[in-house]
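>>> Sequence below, structure please.
(2 chains)
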Amino acid sequence: MSELEFRTAVRDAIAEELDRDPSVIFFGEDVAVAGGVFKATPELFERFGPERVFDTPISELALAGMAYGAAVTGLRPVFEIMFGDFMALPMDSLVNQAAKFWYISNEQGSVPLVVRSAVGGGGRFGAIHSQTHATWYQGIPGLKIVFPSSPAEAKGLLKASIRDDNPVVFLEHKRLYSVKGPLPEQEVIPIGQAGIPRRGEDLTIVSIGKSVADALAAAEALGQDGVSAEVVDLRSLRPLDLGTVLESVSRTHRLLAVEEGPMIGGWAAGLLGAVAAEGLHELDDAWILATDETPIPYSPTLEDAFIPDTESILASVRSRAGVVAG
Amino acid sequence: MADVQSAQQTESMTLFLDAYARMVLIRRFETAIHRLFLEGHVHGTTHLYAGQEAVAVGTCLALEPEDYVTGTYRGHGLALAKGTEPGALVAEMLGRASGVCGGRAGSMNVVDLEHRLVGCYGIVGGSIAAGLGAALSASRQGRVSVAFFGDGAANHGYFHECLNMAKVAMLPLVFVCENNFYAEFTPLDAATAGGDIAGRAKAYEIPSAVVDGNDLWAVHAAASTAVERARGGGGPTLLECQTYRHYGHSKSDPAPYRPKDEVQQWMERDPLKLARSRLLDDGLTEERIVAVEEEAEALMEDAVRAAKDAPYPDPRSEAATEFRP
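The predicted structure follows:
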């Protein structure tokens, strides 16, 4: 059975959309000739040429502003802001211009752009090359925030993002680039629909991005304990598919949200609040496994302890549920 | 030959008379908005363009209707210069449903894509990057993009990043700095190292010029050269148009920081006065000039009346409560 690597899925999604729609363009720092620092976009430059695929100066403000201005005048830009941490720089164009345009122009035009970044810890990149910027952008109506958990999702969701008429913040977890997985079953995965990669009866573990794989591994192990865990993969944080989470909780009555980031100001806290507001009567328990409220440490011992993983999810569930292992 | 020359002169005079009419319209518009603000009809804040009319009008005179422009929060003049319907613009200021953006944008953020006004930006420098992006599209469409911004924006990262990017990619972009010598309340020389905004283009090997921004003809000539260069594949140009605002920075600013004699000198060089006297010198009659002035006056009176009578957007409507991008 053939498999797809995550980074190839990203490349193929961009290539297929460049092929399908002449208004799609792709640019960023070292994405064209060099093929991307994570080797996610090789051969696009050779195949589509410098008019469609090009390198830019290290100018995040100009990049995002250029993408926005191009998007409202007829192009469909896909651009890379290399590390998610750098997404602090282009916030003005994305938050104050792109996200607002459709609404404040009274729907004169839309903003079909996609900004891709590599995010997440585990790579020993330290505090300022390991963050996940999704929650920095989550409070902004007008943006979509998409975060795939597998190669198939990377391809289907990136293609959907490029075809979407709204600005999309697209996150790629660094620890997923080398992961291989099954080929996509559908060409395009609709944005805003969570997936349920594992069914269960006793507990819903909801997550996004790389943590989904950790949740699935933990769910397998919990099966040995006699705990049947369902895993929900949110896929996007805006729109947020609250309906799928509520439906799952109405069956399991227990909810654990796993977030690679701090609890305060995080998406998990917002999700639990929304679940409580809409479905408190369904809940027997709900809690969050997040990181410490500190910057992301560099040293391997510190970083490994900092990031939620399969072991810490297992430990959290066992401790919360009073399960004795074995 | 004499007939051809004379025909060209007549055409040119008509062109500049129309441009003068547009400048008068902007002045009347801003006078009306100032009054409407004091009367409580305009909400929040507003930044008036009076005194700078020759910059937007002279530049837009050098453009084709399909060319793009981006502007600042002091953007009413640019919108009118690019062709936005005055009635729809007043209604927008008044927050009415008939506004050019349905009352959703307000004074600082007007968008009029029909006239290729990509947007006006409430945060200093935003117009530069938006104009850069429009230039990327323009380069594929045989069009040109013009980014307007103030002297304050020349100290912003957007300015330097976009000058560099536009030159590296040789984009058809004209940077028009409206240097009115005050970044909000702070004078140019207190905030701008070197004091030479046009000179900053030299480091990027971008052609630049200092332009008398109160002289409609000077602005038009400089803009025409820059637009021609951009359209011909010659890349970006930076124009520093020196001008002066008649009001303070915003509605709450009486501008006490500006020396009286400085204000007086600039008021004597009011761009409308200069244009009027040039048109008379060029042989236009007082009657024709008065006629366009009265026309602008009447247009504004109608626009204000219609806007005041227009309904506010309904907060209970589906459009107001559902975000359906």
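>>> Name the spans of chain B whose pLDDT lies under the cut-off.
For chain B, applying pLDDT under 70 flags the ranges B:1-2, B:318-325.
>>> anything in the helix or strand hosting A:A160 near chain B?
Per DSSP states H and E, A:A160 falls inside helix A:151-163. No: using C-beta under 8 Å from any C-beta of the partner chain, helix A:151-163 never reaches chain B; the gap is at least 13.4 Å. Every residue, glycine included, has its C-beta placed from N, CA and C.
>>> next one: that helix to chain centre, how far?
11 Å (C-alpha atoms, centre = their mean, to the nearest Å).
>>> The stretch 1-150 of chain A: helices as residue ranges?
A:6-20, A:44-48, A:60-71, A:91, A:99-104, A:134-137 (DSSP state H, counting those that start in this stretch).
>>> hang on, the earlier thing: after the helix holding A:A160, next one along is what?
strand A:168-173.
>>> Which neighbouring elements make contact with that next one?
strand A:114-119, helix A:134-137, strand A:144-146, helix A:151-163 (3 or more C-beta pairs under 8 Å, 6 or more residues apart in numbering or on different chains; DSSP states H and E).
>>> What's the separation between the most centrally placed residue in chain A and A:A118?
The centroid of chain A falls nearest to A:F147 when counting by C-alpha atoms, centre = their mean (1.5 Å). The spacing between A:F147 and A:A118, counted by C-beta to C-beta, to the nearest Å, is 12 Å.
>>> so what sits against both of these two?
Common contacts of A:F147 and A:A118 (C-beta atoms under 8 Å, 6 or more residues apart in numbering or on different chains): A:H173.
>>> circling back: what angle separates the helix holding A:A160 from strand A:168-173?
160 degrees (axes from the mean of the first three to the mean of the last three C-alpha atoms, to 10 degrees).
>>> Keeping just the C-alphas, turn helix A:151-163 into CSV.
Extracted in CSV, the C-alpha atoms of helix A:151-163 (Å, rounded to 0.1, in the frame of the first residue of the first chain):
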residue,chain,number,x,y,z
PRO,A,151,-0.5,13.8,5.4
ALA,A,152,-3.9,13.1,4.0
GLU,A,153,-5.3,16.1,5.9
ALA,A,154,-2.4,18.3,4.9
LYS,A,155,-3.2,17.7,1.3
GLY,A,156,-7.0,17.9,1.5
LEU,A,157,-7.1,20.9,3.8
LEU,A,158,-4.4,22.9,2.0
LYS,A,159,-6.2,22.4,-1.3
ALA,A,160,-9.4,23.6,0.4
SER,A,161,-7.6,26.5,1.9
ILE,A,162,-6.2,27.6,-1.4
ARG,A,163,-9.7,27.4,-2.9
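>>> What is the neighbour count of B:P311?
10 (other C-beta atoms under 10 Å in any protein chain shown).
>>> And what about the nearest residue to it once chain neighbours are set aside, helix, strand or coil?
Leaving aside its sequence neighbours, B:P311 sits nearest to B:A97 (C-beta to C-beta, 6 or more residues apart in numbering or on different chains; 5.3 Å). In three-state terms, and counting by DSSP: H, G, I helix; E, B strand; the rest coil, B:A97 is coil.
>>> who are the neighbours in contact with B:A97?
B:A91, B:G103, B:A310, B:P311, B:Y312, B:P313, B:D314.
>>> same deal with A:S250?
A:S250 touches A:G279, A:E282, counting by C-beta under 8 Å, 6+ apart.
>>> Now name the helix or strand holding it.
Per DSSP H and E: helix A:242-252 holds A:S250.
>>> Averaged pLDDT, that helix. What do you get?
Mean pLDDT, helix A:242-252: 98.
>>> ok and the residue in the stretch 201-326 of chain A nearest chain B?
The minimum distance from the stretch 201-326 of chain A to chain B, using C-beta to the nearest C-beta, falls at A:P239 (10.2 Å).
>>> what number of residues lie near that residue?
Residues near A:P239, counting by other C-beta under 10 Å, number 15.
>>> With the one 3 residues further on instead?
Burial of A:L242, expressed as a neighbour count using other C-beta under 10 Å, amounts to 16.
>>> State whether it and A:V275 are indeed in contact, as I suppose.
Yes: using C-beta atoms under 8 Å, A:L242 is in contact with A:V275, at 7.3 Å.
>>> what does stretch A:178-193 contact?
A:1-7, A:9, A:144, A:146, A:150-153, A:155-157, A:159-161, A:163-164, A:168, A:213, A:235-236, A:239, A:241, A:244.
>>> How about stretch A:275-288?
A:242, A:245-246, A:249-250, A:253-259, A:263, A:266, A:268-269, A:272, A:316, A:320.
>>> Pull the distance from it to the chain's centre.
24 Å.
>>> Quick check: closest non-adjacent residue to B:T237.
B:A226 (3.6 Å).
>>> What segments of chain B are helices?
B:2-38, B:53-60, B:76-82, B:86-93, B:126-141, B:157-168, B:188-191, B:216-231, B:260-268, B:271-281, B:286-309, B:318-321 (DSSP state H).
>>> Once you drop chain neighbours, what's closest to the residue of the stretch 201-326 of chain A closest to chain B?
In space, A:P239 is closest to A:G192, 3.8 Å off (C-beta to C-beta, 6+ apart).
>>> What would stretch B:8-19 look like as PDB? C-alpha coordinates only.
Extracted C-alpha coordinates of stretch B:8-19, given in PDB (Å, rounded to 0.1, in the frame of the first residue of the first chain):
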ATOM      1  CA  GLN B   8      -4.200  70.500 -27.600                       C
ATOM      2  CA  GLN B   9      -4.100  73.600 -25.400                       C
ATOM      3  CA  THR B  10      -7.900  73.500 -25.200                       C
ATOM      4  CA  GLU B  11      -7.900  69.800 -24.300                       C
ATOM      5  CA  SER B  12      -5.300  70.400 -21.700                       C
ATOM      6  CA  MET B  13      -7.200  73.400 -20.200                       C
ATOM      7  CA  THR B  14     -10.400  71.300 -20.000                       C
ATOM      8  CA  LEU B  15      -8.400  68.600 -18.300                       C
ATOM      9  CA  PHE B  16      -7.100  70.900 -15.700                       C
ATOM     10  CA  LEU B  17     -10.400  72.700 -15.300                       C
ATOM     11  CA  ASP B  18     -12.000  69.300 -14.500                       C
ATOM     12  CA  ALA B  19      -9.100  68.600 -12.100                       C
END
